[in-house]
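Undergrad: Kindly generate the corresponding structure for this input.
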Amino acid sequence: MGTERIVFLDRASLIAEVRRPALPHAWQEYAASTAEDVVQKLQGASIAITNKVPLRREVLMQLPGLRMIAVAATGTEHIDLDCCRERGISVANIRNYAVHAVPEHVFMLVLALRRNLLAYREDLRQGLWQQSSQFCLFTHPLRDLYGSTLGIIGYGALGQAVARLGEAFGMRCFAAGHKGVSTLRPGFTAFEQVLQESDVVTLHAPLNAQTRNLIAAPELALMQPHALLINTARGGLVDEQALADALRRGAIGGAGFDVLSAEPPRQGNVLLELELPNFILTPHVAWASREAMQALADQLIDNIDGFVRGELRNRVV
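TA: Predicted structure coming up:
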């Protein structure tokens, strides 16, 4: 067995202890990398680790020694998988590491919105409780989760974990079938029916050509006026302008997002401009509990060790 040269392109994206692989290797890591310097950094590398640094065809074609891409994330949309197949480059990703972190973040957003947390915090800042004629303040409605309906779009490990938490709150949970299909799998509910009947809709689908703008103006129009839309998956799943318009005119009850269509949003984003008490945006951190990041780091190295042993561990290509 030869010595592998392993290069981690964006080590700062992971706050965890990253143990070194068991195989003979030389290790080099960079806090961050850009499209301009990635080829130079990967010269001579046999294994590349990337969280979000893109590895497109024009880059891969300049790296004849590259044998594996270890993705330090679940999503692989930043990797040219077709080129990897052509070149015989293996790609492995991370799976099911945030099955506690993401569902907990989902319900943080849901509870804050259902209980009007931001609106009440602002009322306190404005002194409204201090001026109240009674012991409590009734300026915003409060809604229980118990007895309400949770619609889950994307029913993999994360969607199922969200359902378990929803059921613990006493919610009725629907798993949505694929949009536009005529035949439903057992246990799934029609996509449109889920939108129409749910008090909370949460997204856990991957981003691809079929799911881009999965929720746009027509889908938002199907939702109930008090319903919440939660997105901790990918920003491109939702037409952001349509969502902003719906929130401004009160067409839905609120939204909680952890993702945007472009990250970081250096050119701005219509959702960044929303200053509404019924919209909460967090900076793509639902996955990033210390426990989840450590599980990711451990699985990342397991994937590399498995590749060298010839295992098909978490292989995408």
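Undergrad: Kindly report which residue of the protein is located farthest from the centre.
TA: residue 133 (44.2 Å; CA atoms, centre = their mean).
Undergrad: how about the CA coordinates for the longest helix seen in the chain, as PDB?
TA: Looking across the chain with DSSP state H, the single longest helix is helix 290-308. Once non-C-alpha atoms are left out, helix 290-308 reads as follows in PDB (Å, rounded to 0.1, in the frame of the first residue of the first chain):
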ATOM      1  CA  ARG A 290     -21.000  20.100  18.500                       C
ATOM      2  CA  GLU A 291     -22.200  16.600  18.700                       C
ATOM      3  CA  ALA A 292     -23.300  16.400  15.000                       C
ATOM      4  CA  MET A 293     -20.100  17.900  13.800                       C
ATOM      5  CA  GLN A 294     -18.100  15.400  15.700                       C
ATOM      6  CA  ALA A 295     -20.200  12.500  14.300                       C
ATOM      7  CA  LEU A 296     -19.500  14.000  10.800                       C
ATOM      8  CA  ALA A 297     -15.800  14.200  11.400                       C
ATOM      9  CA  ASP A 298     -15.700  10.600  12.600                       C
ATOM     10  CA  GLN A 299     -17.700   9.300   9.600                       C
ATOM     11  CA  LEU A 300     -15.500  11.300   7.200                       C
ATOM     12  CA  ILE A 301     -12.400   9.500   8.300                       C
ATOM     13  CA  ASP A 302     -14.200   6.200   8.400                       C
ATOM     14  CA  ASN A 303     -15.100   6.800   4.700                       C
ATOM     15  CA  ILE A 304     -11.500   7.400   3.800                       C
ATOM     16  CA  ASP A 305     -10.200   4.300   5.600                       C
ATOM     17  CA  GLY A 306     -13.000   2.300   4.000                       C
ATOM     18  CA  PHE A 307     -12.100   3.500   0.500                       C
ATOM     19  CA  VAL A 308      -8.500   2.400   0.900                       C
END
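Undergrad: Pull out the buried positions in that helix.
TA: Residues of helix 290-308 classed as buried: 292-304, 306-308 (neighbour count, 16 or more other CB atoms under 10 Å). C-betas here are computed from N, CA, C, even on glycine.
Undergrad: Just give the number of residues close to residue 190.
TA: 17 (other CB atoms under 10 Å).
Undergrad: before we move on, what about residue 36?
TA: 7.
Undergrad: One more: residue 17?
TA: Neighbours of residue 17 using other CB under 10 Å come to 9.
Undergrad: what secondary structure does it sit in?
TA: In three-state terms, and counting by DSSP: H, G, I helix; E, B strand; the rest coil, residue 17 is coil.
Undergrad: Next, it: phi, psi?
TA: Note on residue 17: its backbone torsions stand at phi -80, psi 120 [degrees, to the nearest 10].
Undergrad: Against residue 249, how distant is it?
TA: 48 Å (CB to CB, to the nearest Å).
Undergrad: I'd like to know how far the closest residue to residue 298 other than its chain neighbours sits from residue 300.
TA: Computed as CB to CB, 6 or more residues apart in numbering, the closest residue to residue 298 that is not its neighbour in sequence is residue 19, at 7.4 Å. As judged by CB to CB, residue 19 and residue 300 stand 10 Å apart.
Undergrad: Residue 190 too?
TA: With distances taken as CB to CB, residue 190 is found 38 Å from residue 300.
Undergrad: Sketch out the low-pLDDT regions of the protein for me.
TA: For the chain, the stretches with pLDDT under 70 are 1.
Undergrad: thinking again about what came up before, isn't the residue nearest to residue 298 up against residue 301?
TA: Yes - taking contacts as CB atoms under 8 Å, residue 19 lies within contact range of residue 301: 5.6 Å.
Undergrad: could you pull out the strands for the stretch 101-250 of the chain?
TA: 149-153, 172-175, 200-203, 228-231 (DSSP state E, counting those that start in this stretch).
Undergrad: Which residues does the second one contact?
TA: Which is strand 172-175. Strand 172-175 has contacts (CB atoms under 8 Å, 6 or more residues apart in numbering) with 147-152, 155, 159, 163, 166-167, 187-189, 193-194, 197-198.
Undergrad: Surely residue 237 and residue 231 touch.
TA: Yes - using CB under 8 Å, residue 237 is in contact with residue 231, at 6.2 Å.
Undergrad: between the two, what contacts are shared?
TA: By CB under 8 Å, 6+ apart, the residues touching both residue 237 and residue 231 are residue 203.
Undergrad: thinking again about what came up before, will you turn the strands of the stretch 101-250 of the chain into CSV that also has mean neighbour count?
TA: Output for those, formatted as CSV (neighbours: other CB atoms under 10 Å):
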stretch, mean neighbour count
strand 149-153, 26
strand 172-175, 20
strand 200-203, 28
strand 228-231, 28
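Undergrad: Residue 51: which of those strands is closest?
TA: Residue 51 lies closest, by CB to CB, to one member of these: strand 228-231, at 19.9 Å.
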